[in-house]
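Participant: Following is a predicted model, sequence given first.
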Amino acid sequence: MRPLDPRLLRYASAARWFLLVGAALGLAQTLVVVAFAWLLSRAISLAVDGQGPAELAPTVGALAAVVMARAALVWLLEVAASRGAASVKSQLRARVLERLAE
């Protein structure tokens, strides 16, 4: 079985929008993970160089903001996936009922 059946895009046009949203959120998550890795390595290198808490504070604050951004993106991706699945199922059910009525 393929990860995404191409017939889904043909029969359930609502899937297209949610696939685009999911791709955009996935890209944003990737950028946030890269930012997290960079900030973490920066914080560690500053700490190893002997910088005090005052010099580390901006980096640690940015690290906390990145963690919160990633949590928000994970939540948004779950919401988009749930709404997308519900919309696609509803659209497919309506098509089945139309065919049965014929």
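Facilitator: Looks like it came in fine. Residues are numbered from 1 along each chain as shown.

Participant: right, and the helix or strand after the one helix or strand Ala37 maps to?
Facilitator: Using DSSP states H and E, Ala37 maps to helix 14-48. Proceeding N to C from helix 14-48, the next assigned helix or strand is helix 53-101, under DSSP H and E.

Participant: Report pLDDT for Arg2.
Facilitator: In this model, Arg2 is scored at 64, pLDDT.

Participant: An error on my part: the question was meant for Ala35.
Facilitator: For Ala35, pLDDT reads 97.

Participant: Val32: neighbouring residues, count only.
Facilitator: Under the neighbour criterion other CB atoms under 10 Å, Val32 is assigned a count of 20. For every residue, glycine as well, the C-beta is placed using N, CA and C.

Participant: gap between it and Ser82?
Facilitator: Applying CB to CB, to the nearest Å, the value for Val32 to Ser82 is 21 Å.

Participant: what's the answer for Val67, then?
Facilitator: 23 Å.

Participant: now Ala72
Facilitator: 16 Å.

Participant: and if you look at Ala64?
Facilitator: 28 Å.

Participant: State the mean pLDDT of stretch 79-86.
Facilitator: Rounded mean pLDDT across stretch 79-86 is 89.

Participant: Counting neighbours, what do you get for the closest residue to Ala28 other than its chain neighbours?
Facilitator: The shortest distance from Ala28 to any non-neighbouring residue, by CB to CB, 6 or more residues apart in numbering, is to Leu73 (5.5 Å). Leu73: 19 surrounding residues under other CB under 10 Å.
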